[in-house]
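Peer 1: just the structure for this:
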Amino acid sequence: MDNGNGARRSPAVSKSNRKSTRSDRPSTIRDVAAKADVSVATVSRTLAGNYPVSAETRARVMAAVRSLHYVVNVHAKALSGAVAGPVALVIPDITGPSLAHVAAGVEQEAINRGRLSLVCSTHGDTDREDDLVQLMREQHAAAVVLVGGVVPDDAYHRRMSEYADALEAAGSRLVLVGRPALPVGIPATVVDYDNRGGAFQATSHFLAAGHRRILFLGGEPGFSSSEQRREGHLTALRAHSVPYEAELDVPGLYTRASGYRRVRDALSAGLEFTAVFAGTDAIAVGVLAALREAGLRVPRDVSLIGFDDVPYAADLTPSLTTVRVPYEELGRTAVRLALDREESMGDDHVVLSTQLVIRESMRPRK
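Peer 2: Now for the predicted structure:
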């Protein structure tokens, strides 16, 4: 029908006169039962897999499910306990190589246990973290895994305690990875790694090789991982009776740009050092760039050690001596402890070891 301006107008259809067809709405369990010529209860039992049905009946039901494109109501199944809840990973940034390896470990362990894994990023926004934890609670997640360094102040402890209690009440579990432990009695699992020990190994390796002026490029003050790595560095200096020099202790961001800038500024200021301990491998990449720009070679002029052992560390020129953090194992352990907590009572706080990996970027001081 023409509406007067050349356009076609569809004939009006009254809602009361229009009959609903199967294409207008999602298929229901009753549709499946009718097509398979069985009861609704039989369809439910077949899909749940918790009640014996004959092979012929199962085949008819599944054929009906496929032909009708029936989708199970996951929320209803979760509420009934018929389906295992997912494992949710909440991280600051999905692009960081270390966090990506934690995510890989979480996903692999979840797959091994027949669980779905969900990955969400906060971009460092605590309000978004609040919203994501609440959403995962509503989605009946079996565990919510939070990853990343934090400032462990009173506000942080209050937030984590609230998360833990809310998730516990919903039958879920809060797991903190690479974060400090909470006060006794809070229902949470902590999977950490030995920041202090790794930093102690790195600085001790420098000192044993004759280096005394070590430029330490740590992280932001107050953050748990930054403070722990700095403590390990300072402990090694004391153990070797090497005086602390504040000018060699330069905090900053865990980024390549920060590493480049800090070394460039140190060289411009005439600061003397024979070695650099980079708080992350990303910082170490920036250090390499700044030293090359200044005409200095690693390790001939300056030795370098990083922290993380991300995949590209071995492919740098020279290959990077660094502290290996077992990031994938952190993710796997987080899932294992969360899902097996009834069998692993007493394992609510686990600290994984770190390891110094010797490569080409470090050599003894002549």
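
Peer 1: quick one, what contacts residue 364?
Peer 2: Residues near residue 364 by CB atoms under 8 Å, 6 or more residues apart in numbering: 209, 210. C-beta coordinates here come from the backbone N, C-alpha and C atoms, glycine included.

Peer 1: ok so it is a strand residue?
Peer 2: No - counting by DSSP: H, G, I helix; E, B strand; the rest coil, residue 364 is not found in a strand; it is coil.

Peer 1: not counting sequence-adjacent ones, nearest residue to residue 240?
Peer 2: Spatial nearest neighbour of residue 240, chain neighbours left out: residue 207 (4.4 Å); criterion: CB to CB, 6 or more residues apart in numbering.

Peer 1: any idea which element the one you found lies in?
Peer 2: Secondary structure from DSSP states H and E places residue 207 in helix 195-208.

Peer 1: which residues touch that helix?
Peer 2: 214, 216, 225, 228-233, 235-237, 239-240, 242, 275, 277, 303, 305, 307, 321, 323, 325, 353-356, 358, 362.

Peer 1: narrow these to those in helices?
Peer 2: The helices, defined by DSSP state H, take in 225, 228, 229, 230, 231, 232, 233, 235, 236, 237, 239 from the contacts of helix 195-208.

Peer 1: most neighbours among those, please name it.
Peer 2: residue 229 (27 neighbours; other CB atoms under 10 Å).

Peer 1: show me what contacts that residue?
Peer 2: For residue 229, the contact set (CB under 8 Å, 6+ apart) comprises 195, 196, 198, 199, 218, 219, 279, 307.

Peer 1: how about CSV for these, with neighbour count, pLDDT and distance to residue 62 added?
Peer 2: CSV is the format used below for those (neighbours: other CB atoms under 10 Å; pLDDT from 0 to 100; distance: CB to CB, whole Å):
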residue, neighbour count, pLDDT, distance to residue 62
195, 25, 97, 51
196, 19, 97, 56
198, 24, 98, 52
199, 29, 98, 57
218, 26, 97, 58
219, 24, 96, 54
279, 31, 97, 55
307, 33, 98, 52
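
Peer 1: burial of residue 329, as a residue count?
Peer 2: Using other CB under 10 Å, residue 329 has 18 other residues around it.

Peer 1: and the contacts of whichever strand or helix holds it?
Peer 2: Element membership of residue 329, judged by DSSP H and E, is helix 327-339. Helix 327-339 is contacted by residues 87, 89, 98-99, 101-110, 113, 115, 142-143, 145, 173, 175, 177-178, 189, 191, 193, 308, 344, 347-348, 350, 352 when judged by CB under 8 Å, 6+ apart.

Peer 1: show me which of those are buried.
Peer 2: Neighbour-count burial (16 or more other CB atoms under 10 Å) applied to the contacts of helix 327-339 gives 87, 89, 98-99, 101-103, 105-107, 109-110, 115, 142-143, 145, 173, 175, 177-178, 189, 191, 193, 308, 348, 350.
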